[in-house]
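Chemist: sequence and predicted structure are below.
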Amino acid sequence: MVHDLWNRLALTSPVVRSGQVTAGVLRGERSRFQLFGDTMNTAARMESTSERNRIQVSHVTAELLAASGLAAWINPRQGSVFVKGKGDMQTYWLNTKAAKVSNPPISRKEMPTVSETLTDTSDGSSVKGAFDDHDLDGSFEAMTKRERLVEYNVEVLTSLLQQIMASRGTVVAQKETSLLEIEATIGTGDTVLEEFVPIIQLKRFDAGDLSKRQKASSIDIGEEARKQLRNFLANVASMYPNNPFHNFEHASHVTASVKKLLARIVNVDHGNGLKKPKNNVDLVDMAGHSYGITSDPLTQFSVVFSAIIHDMDHPGVPNTQLVKENTRRAQIFKKSVAEQNSVELAWGMLMGREYDALRACIYLTEDDLRRFRQLVVNTVMATDIVDKELQTLRKVRWETAFTNTVVHDETSDDCKATIVIEHLIQASDVSHTMQHWHIYKTWNERFFMECYGAYKAGRADSDPSTNWYKGEIGFFDFYVIPLAKKLESCGVFGVSSHEYLNYASSNRAEWAREGEKLVQQYLATYEEMNGP
């Protein structure tokens with residue numbers, strides 16, 4: 001079998017990595033078996049350090065082979081290799097022709113431990129091995145950057161899950177038995193985009209419902225649910241490629257902005273808003289419904305969840321390039337390719353049996369499940385700001401909903417809530433343009449590096465550096481500033497809307513002064529890091 005594998009892979013640069021993975025079949029007409037997790041991510045990165053006609057194996061795999069009496073099959077590489085995102089790793093060459101091995105065979109005892117061979121060079125902290133559990137009692141500073149981001153998102157979503165469970169009142173709710181069948185079929189249509197609806201019907205609560213809610217801080221989601229949440233988010237993080245811009249740090253940055261805007265929603269007509277949050281998101285509605293957003297914690301959870309998963313598996317190039325290349329994803333989805341792929345991947349993982357306890361915290365009824373799904377679909381699809389058809393639909397709905405005619409009925413409120421949610425996620429997706437100048441400049445450089453890297457790799461028709469300066473001015477004038485003005489005119493974000501508009505205008509002016517010089521600095525930095 002090994003000889004057959006050797007022959008079939010002879011013309012490639014394969015690698016073998018051992019460890020835990022999440023596996024499952026993504027359902028629907030495009031059903032396919034797929035593996036997720038840090039093990040798969042590391043293997044993909046190791047491939048760039050391998051060589052043609054040779055099979056490179058990780059240290060963990062080498063240990064397993066040695067333990068099986070096959071130490072003669074592996075030879076340590078001369079020195080360590082650098083694996084992006086992992087640091088220096090000791091790897092090995094696999095050679096099935098053991099009689100011709102020139103280096104002496106190694107035993108399990110002679111190998112360094114996993115912790116000795118993996119170092120995260122980004123912050124100097126040790127990286128846990130594939131089989132290690134998170135040591136939550138350990139120092140936060142000892143975590144890698146990705147682990148810290150996962151923990152941040154765990155805390156944000158845990159706070160929202162507490163509020164979902166508190167909204168169910170003191171009666172112990174039981175999960176509907178019919179949900180298993182619905183979970184197995186929901187989202188298995190032709191494409192995710194076909195599920196998009198112009199108006200989402202939100203859940204309504206009366207004063208009696210609100211008064212029966214438990215105090216969210218007193219709710220314990222349970223150790224199993226928290227463990228599953230952390231595992232799910234760790235897998236989501238591992239599904240984010242190490243792009244300069246569209247990476248897990250960007251997703252967490254968007255999440256932080258969503259959390260901020262949700263915490264500042266107010267309803268001008270009824271003079272209500274949210275209690276000022278402290279460490280966690282507090283979504284207790286003081287009076288009224290704010291179009292139904294602030295009184296339903298599941299709505300809040302769905303929007304934050306969408307922010308975390310919205311760029312999963314992002315290829316580092318725009319949808320137009322994916323369609324041009326006729327990638328498999330483009331063949332399946334046709335448009336909004338990256339966004340639909342993110343929803344399908346995240347939803348497919350969440351529906352796995354290993355997340356039963358987590359899903360029970362999110363929803364217990366068919367209505368809640370379907371509303372959760374719809375909110376995720378609409379929110380993630382809203383991050384496609386290039387599709388002209390979706391742009392036109394949003395513009396028409398905005399003009400219809402936010403006119404001078406004040407209408408107070410559930411349909412009108414649902415329409416406004418849907419639009420507000422879409423603009424909330426859009427603003428958060430580009431929130432770096434509406435924050436301090438140094439934040440904008442940092443993320444703008446990262447986005448440039450991603451686009452310019454795609455061009456150098458032959459995945460873009462034109463050199464983005466030639467129009468980057470003018471393009472940013474146009475982006476501010478025709479998208480960012482109009483979006484910030486909409487946040488202000490819809491009247492539900494309080495002081496945040498003024499803050500975002502002021503920062504956007506200030507950054508636009510600063511870019512006009514400094515942008516051309518910065519583009520040249522970006523180019524110099526890229527060439528220093530990657531060569532001309």
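Modeler: Nice, I can see it.
Chemist: for the stretch 101-250 of the chain, which spans come out with low pLDDT?
Modeler: 101-142, 170-177, 205-212 (pLDDT under 70).
Chemist: and Gly316, that's in a helix?
Modeler: No - assigned with DSSP: H, G, I helix; E, B strand; the rest coil, Gly316 falls outside any helix and is coil.
Chemist: how close does the nearest residue to it once chain neighbours are set aside sit to Trp347?
Modeler: With Cβ to Cβ, 6 or more residues apart in numbering as the criterion, Gly316 has its nearest non-adjacent residue at 4.4 Å, and that residue is Asn243. The way it works is simple: take the backbone N, C-alpha and C, and place the C-beta from them, glycine included. Distance of Asn243 to Trp347, given as Cβ to Cβ, to the nearest Å: 22 Å.
Chemist: before we move on, what about Ala357?
Modeler: Ala357 is 17 Å from Trp347, by Cβ to Cβ.
Chemist: looking at these two, which one has more neighbours?
Modeler: Trp347 (22 against 16; other Cβ atoms under 10 Å).
Chemist: report the contact partners of the spatially most central residue of the chain.
Modeler: Centroid-nearest residue in the chain: Ile309, 3.2 Å away (criterion: Cα atoms, centre = their mean). Residues in contact with Ile309 (Cβ atoms under 8 Å, 6 or more residues apart in numbering) are 236, 251, 342-343, 345-346, 376, 380.
Chemist: and what of Lys416?
Modeler: Lys416 sits in contact with 291, 401-402, 490, where contact means Cβ under 8 Å, 6+ apart.
Chemist: again, but for Ser218
Modeler: Ala166.
Chemist: where does pLDDT dip in the stretch 351-500 of the chain?
Modeler: 403-409, 495-496.
Chemist: can you tell me which of the contacts of Lys416 is closest to Ser80?
Modeler: Nearest to Ser80 among the contacts of Lys416, counting by Cβ to Cβ, is Cys490 at 54.4 Å.
Chemist: count of residues packed around Lys485?
Modeler: 14.
Chemist: and it, its phi and psi?
Modeler: Dihedral pair for Lys485: phi -70, psi -30, per degrees, to the nearest 10.
Chemist: without its sequence neighbours, what residue ends up closest to it?
Modeler: Leu501 (6.3 Å).
Chemist: cool, and Trp443?
Modeler: Closest to Trp443 by Cβ to Cβ, 6+ apart is His432, at 3.8 Å.
Chemist: now do Asp463
Modeler: That would be Tyr455: by Cβ to Cβ, 6+ apart, it lies 5.7 Å from Asp463.
Chemist: ok, the one you found touching Pro464?
Modeler: Yes - if you go by Cβ atoms under 8 Å, Tyr455 and Pro464 touch, sitting 5.9 Å apart.
Chemist: can you name the next helix or strand after the helix or strand in which Ser302 is found?
Modeler: Counting by DSSP states H and E, the element that carries Ser302 is helix 297-309. Note on helix 297-309: by DSSP H and E, the next helix or strand toward the C-terminus is helix 319-325.
Chemist: and that next one, what's buried?
Modeler: Buried residues in helix 319-325, defined by neighbour count with 16 or more other Cβ atoms under 10 Å: 319, 321-323.
Chemist: kindly report the same for stretch 236-250.
Modeler: 236-241, 243-250.
Chemist: how about the helices of the stretch 251-400 of the chain, start to end?
Modeler: 297-309, 319-325, 328-333, 337-350, 356-362, 366-381, 388-401 (DSSP state H, counting those that start in this stretch).
Chemist: what would those helices look like in JSON lines with distance to Leu160?
Modeler: Formatted as JSON lines, those follow (distance: least, Cβ to Cβ, whole Å):
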{"stretch": "helix 297-309", "distance to Leu160": "4"}
{"stretch": "helix 319-325", "distance to Leu160": "30"}
{"stretch": "helix 328-333", "distance to Leu160": "29"}
{"stretch": "helix 337-350", "distance to Leu160": "15"}
{"stretch": "helix 356-362", "distance to Leu160": "9"}
{"stretch": "helix 366-381", "distance to Leu160": "12"}
{"stretch": "helix 388-401", "distance to Leu160": "26"}
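Chemist: point out the most buried one among the ones you listed.
Modeler: Of all the helices of the stretch 251-400 of the chain, helix 297-309 carries the top mean neighbour count, a mean of 25, counting by mean count of other Cβ atoms under 10 Å.
Chemist: relative to helix 366-381, how tilted is that one?
Modeler: Counting by axes from the mean of the first three to the mean of the last three Cα atoms, to 10 degrees, helix 297-309 lies at 40 degrees to helix 366-381.
Chemist: fine, thanks again, bye for now.
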